[in-house]
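Colleague: requesting a structural model of the entry that follows:
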Amino acid sequence: MRFSHTNIAARDWKKLSEFYINVFECKIKPPQRNLAGAWLDRGTGLTNAKLEGVHLYLPGHGENPPTLEIFSYEEMCDTTEIMANYKGTTHIAFEVEDVDVTMKKALENGAIRLGEIAEREIENIGILKFVYLRDPEGNIVEIQSWK
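Modeller: Next up is the predicted model:
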């Protein structure tokens, strides 16, 4: 058994994919998806589901890494903007070399600052430096580094 992917349902999958490619060095895993049909309805529990998007290889893994799947459904449902303390899945995290540089790059690519960069020694582990932001569609992303 192994972890496969995480999905983000996006209003604009192309724009959001570019954010993750530009900021976090994700790479496209071909082919682009354009999916519909009774099989998709059965699997998702939706009716007349139609979607398109891509899988992005996540950085820092060897061969056959897990992916970040970014899809736009033809019919999207808006939800309340989540916060870090909401129940359920709230954020994805990337470990980076330099939190300050990556945060700057994220902001230049449409991210919105959610928190301030913080640093703390975690006993027997090391020094954690991290910050939360929102990607261009409002999803929470953590940027972290360890020393």
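
Colleague: residues making contact with stretch 53-66?
Modeller: Stretch 53-66 is contacted by residues 2-6, 10, 13, 17, 20-21, 24-29, 32-33, 67-72, 94-95 when judged by CB atoms under 8 Å, 6 or more residues apart in numbering. Where you see a C-beta, it was placed from the backbone N, CA and C, and this is true even at glycine.

Colleague: what subset of the residues you listed is buried?
Modeller: Applying 16 or more other CB atoms under 10 Å to these, the neighbour count classes 10, 13, 17, 20, 24, 26, 29, 67-72, 94 as buried.

Colleague: longest helix anywhere in this structure?
Modeller: helix 13-24 (DSSP state H).

Colleague: just the mean pLDDT for that one, thanks.
Modeller: Average pLDDT, helix 13-24: 97.

Colleague: buried set for stretch 45-55?
Modeller: In stretch 45-55, counting by 16+ other CB under 10 Å, buried: Ala49, Leu51, Gly53, Val54, His55.

Colleague: gap between the two ends of that stretch?
Modeller: 21 Å (CA to CA, to the nearest Å).

Colleague: distance from that stretch to the middle of the chain?
Modeller: 18 Å (CA atoms, centre = their mean, to the nearest Å).

Colleague: one more: stretch 7-17?
Modeller: Relative to where its chain is centred, stretch 7-17 has its mean C-alpha point 9 Å off (CA atoms, centre = their mean).

Colleague: repeat that for stretch 83-96.
Modeller: 10 Å.

Colleague: neighbouring contacts of that stretch?
Modeller: 6, 24, 59-60, 68, 82, 102, 114, 132, 139-146.

Colleague: what's the end-to-end length of it?
Modeller: Stretch 83-96: ends 22 Å apart by CA to CA.

Colleague: likewise for stretch 86-100?
Modeller: So stretch 86-100: terminal residues 26 Å apart, CA to CA.

Colleague: strands of the chain, start to end?
Modeller: 5-9, 27-36, 50-57, 67-73, 91-95, 112-113, 118-122, 126-134, 140-146 (DSSP state E).

Colleague: OK, contacts around Tyr73?
Modeller: Contacts of Tyr73 by CB under 8 Å, 6+ apart are Ala9, Leu46, Ala49, Lys50, Leu51.

Colleague: Ile127: which of those residues is nearest?
Modeller: Within these, the smallest distance to Ile127 is 35.2 Å, found for Ala9 (CB to CB).
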